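**Student:** pasting the structure only:
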């Protein structure tokens, strides 16, 4: 029972982690986030369904095209909902990103339809038995992709010039600009990357879930809790917090019963943040004077 | 002078008013996961209304259907109900498939003394709401009775001895938890376990593992189509195949597409099936549906059938109640429902369907057990 709960938890946890990485990427560069990450995730699933099922494309092509469109959606989020406000020092991007997410959800409701649809992926849903535990291929693939992306992000931001340049933006935008870094472009790229992560999460969860316009709402919310819990300033931290959240959630359900899941998980989040205000893996922000 | 003109205008308007249509309101989900179910209720009502209007209407007035979307949300449902009562001045209001929404509307209807007819939502307290006088009627399954039937079916068909419950975490799930617990207790039994899951849960494996560990040899499932599909997919991932006896949630959408090949192993309750031998009323309604809706080419396209069948019978009974009342006055129509003696309907031939003690026209003898074969809801065993 605990074994299968761990498998479930790791799968779900990496979804939370992937979405939360999206929060991390934009926060690291611009100190802003797209609060409607759940909608970006939903778009990934809806695009993949449309290309793979309605248009009958091969799945790999459908997934690639969906990721591209999700990245484009990220550009729109940044240009329409973040830049106009953040550039004037206003915090209205908070509301604007939520609003854009609601617009996206409802546009999908109109165009995609009102009914939930199923995206079957027989090869990925096949289950194998490992040490008496039934695990589907997808449940193995999701954490693998999540951890690989977090690792790649870590290497990119610490070892690669462009990555370092992007992090420089947030420390001092003016100085970065003087050093020849294209600040607006760096921020836009971060947003494209953030919705791309969410889109990847959406595509991977679609076969395990139903595709519909509000499928991302609860996920987005939990992912934000995870991002804060992980300390939002470290890619590894965010991913680990995601896994932790998923595992704790399904262990509580398996051991104590589903009645306690939400109450206990979120109580633990509050307790953890009260004890460690910068998150489990975050560092306190230094204000250099 | 001005006042006189106004009076004249009013007098001129009065006869026209008398010839106006009788408005029948409907508040149900017309968008979201259960949109198909809302559409089914609409079709059942519309076919009945067309039939009534073709024969000259009720009280010599035509009936007119006015619909509002509740988006499966209680707050939106109450707002929509208010609009239909106060602005559209409907004579009778029909509810949708979501028990939480109907439960939210019930107090408003009893307060405004306007009949509320439920063609779908099965929550026990909708009709048994404690109000006196009670303005809520129903032509649909009732959780408490369905729950007894579910236990009986599990014992008879699967020889089940230790059933576990897997219920969606909302008032509908709660209503069935009570009903199932009571049904088990009446036979001196207890559930192997009672587990809840959220409508948006992706993975229900942890809950199901608990039931499996508790030795459950059958599952009672209560949830709408999306959540029910999540349970079936989770069972598949676990490689566990207990018999699943379900309330009628799976009927609300594309269950086979959502749940995959194991969808057919879920046996669920219905009040009607357009498959198999039909009564003359069944033939008539199916023909009318095929004539009116081009996408209906046979019985398999009338989905979910319960929505259509319950709504059709409920509308016919309501028209009889208004006729007996002789007016569109709410309390008079309420009395009118009690005066219905016999009606040869789709689901059955009703005889005294409503009494002051019983506002539910359909009971356990009227249920049909069904399963999804591809995209069609067939009576269990019909495909063998």
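**Tutor:** That came in fine, so what should we check first? Source: prediction; values computed, not measured. Residues are numbered from 1 along each chain as shown, chains lettered A, B, ... in the order given.
**Student:** okay, CA-based contacts and neighbour counts for the rest of this
**Tutor:** Fine.
**Student:** Would you quantify the distance from residue B:239 to chain A?
**Tutor:** Distance, residue B:239 to chain A, by CA to the nearest CA, to the nearest Å: 7 Å.
**Student:** Spatially nearest residue to that residue (excluding sequence neighbours)?
**Tutor:** Of all residues not flanking residue B:239 in the chain, residue A:134 sits nearest, at 6.5 Å (CA to CA, 6 or more residues apart in numbering or on different chains).
**Student:** do the same with residue B:97
**Tutor:** Nearest-residue entry for residue B:97: residue B:121, 4.3 Å, with adjacent residues in sequence omitted and distances by CA to CA, 6+ apart.
**Student:** who in chain A is up against chain B?
**Tutor:** By CA under 8 Å from any CA of the partner chain, the part of chain A that sits against chain B consists of A:1, A:4-5, A:8, A:12, A:109, A:114-120, A:125, A:127, A:133-136, A:208-210, A:212, A:215, A:218, A:250-251, A:253-255, A:257-259.
**Student:** and these, which are buried?
**Tutor:** Among the residues of chain A next to chain B, those classed as buried by 16 or more other CA atoms under 10 Å in any protein chain shown are A:1, A:4-5, A:8, A:12, A:109, A:114-120, A:125, A:127, A:133-136, A:208-210, A:212, A:215, A:250-251, A:253-255, A:257-258.
**Student:** all strands of the chain, in order?
**Tutor:** Chain wasn't specified; assuming chain A. A:127-130, A:133-136 (DSSP state E).
**Student:** Actually, chain B is the one I wanted.
**Tutor:** Assignment of strands within chain B using DSSP E yields the ranges B:22-28, B:63-69, B:92-94, B:116-118, B:136-138, B:163-168, B:194-197, B:218-222, B:244-246, B:266-270, B:342-344, B:349-351, B:368-373, B:376-379.
**Student:** Out of the ones you listed, the one nearest chain A is which?
**Tutor:** Closest approach to chain A among those (CA to the nearest CA): strand B:194-197, 5.7 Å.
**Student:** partners of the closest one in the sheet?
**Tutor:** Its sheet considered, strand B:194-197 pairs with strand B:163-168 (parallel) by DSSP bridges.
**Student:** what's the strand it pairs with in contact with?
**Tutor:** Residues external to strand B:163-168 that are found in contact with it (CA atoms under 8 Å, 6 or more residues apart in numbering or on different chains): B:173-174, B:176-177, B:191-199, B:207-208, B:211, B:216-223, B:227.
**Student:** Give me the mean pLDDT for that strand.
**Tutor:** Strand B:163-168 shows a mean pLDDT of 96.
**Student:** Poorly predicted segments of the stretch 51-200 of chain A, please.
**Tutor:** For the stretch 51-200 of chain A, the stretches with pLDDT under 70 are A:122-126, A:131.
**Student:** What's the local residue count around the closest residue to residue B:375 other than its chain neighbours?
**Tutor:** Spatial nearest neighbour of residue B:375, excluding adjacent residues (CA to CA, 6+ apart): residue B:256 at 6.3 Å. By the criterion of other CA atoms under 10 Å in any protein chain shown, residue B:256 has 20 neighbours.
**Student:** list the contacts for residue B:256?
**Tutor:** B:262-264, B:372-375.
**Student:** quick one: residue A:166 and residue A:186 touch, right?
**Tutor:** Yes - using CA atoms under 8 Å, residue A:166 is in contact with residue A:186, at 5.8 Å.
**Student:** joint contacts of these two?
**Tutor:** Common neighbours of residue A:166 and residue A:186 (CA under 8 Å, 6+ apart) are residue A:29.
**Student:** So the two - more neighbours on which side?
**Tutor:** A direct count of neighbours by other CA under 10 Å for residue A:166 and residue A:186 places residue A:166 higher, at 26 against 20.
**Student:** can you give me the helices in the chain?
**Tutor:** You didn't say which chain, so I picked chain A. A:2-30, A:37-49, A:59-76, A:83-86, A:93-112, A:122-125, A:137-159, A:161-171, A:173-178, A:183-205, A:217-230, A:235-256, A:261-275 (DSSP state H).
**Student:** You answered for a different chain; I wanted chain B.
**Tutor:** With DSSP H as the criterion, chain B has helices at B:2-18, B:35-54, B:74-82, B:99-112, B:124-127, B:143-158, B:171-186, B:205-213, B:225-238, B:255-259, B:280-292, B:305-325, B:330-338.
**Student:** Tell me which helix or strand in chain B has the weakest average pLDDT.
**Tutor:** Least confident helix or strand, chain B: helix B:2-18 with a mean of 54, by mean pLDDT, DSSP states H and E.
**Student:** Show me which residues of chain B are close to chain A?
**Tutor:** Proximity of chain B to chain A, by CA under 8 Å from any CA, involves residues B:31-36, B:195-197, B:200, B:202-203, B:205-207, B:209-210, B:213, B:226, B:230, B:233, B:237-239, B:253-254, B:257-260.
**Student:** Pick out the residue nearest the middle of chain B.
**Tutor:** What sits nearest the mean C-alpha location of chain B, by CA atoms, centre = their mean, is residue B:120, with 0.8 Å.
**Student:** any idea how far the residue lying closest to that one once chain neighbours are set aside is from residue B:299?
**Tutor:** Leaving out its chain neighbours, the residue that sits closest to residue B:120 by CA to CA, 6+ apart is residue B:97, at 4.8 Å. From residue B:97 over to residue B:299 the distance is 21 Å, taken as CA to CA, to the nearest Å.
**Student:** do the same with residue B:369
**Tutor:** Look at residue B:369 and residue B:299: by CA to CA, they are 17 Å apart.
**Student:** between these two, which one's more packed in?
**Tutor:** More neighbours surround residue B:369 than the other of residue B:369 and residue B:299, with 23 against 19 (other CA under 10 Å).
**Student:** who's in contact with the more buried one?
**Tutor:** Listed by CA under 8 Å, 6+ apart, the contact set of residue B:369 reads B:267-270, B:379-380.
**Student:** Let's see that with 10 Å instead.
**Tutor:** Applying CA atoms under 10 Å, 6 or more residues apart in numbering or on different chains to residue B:369 gives the contacts B:149-150, B:153, B:245-248, B:267-273, B:377-381.
**Student:** for residue A:51, same thing?
**Tutor:** Taking CA under 10 Å, 6+ apart, we find residue A:51 in contact with A:57-59, A:61-63, A:65-66.
**Student:** Good, we can wrap up now.
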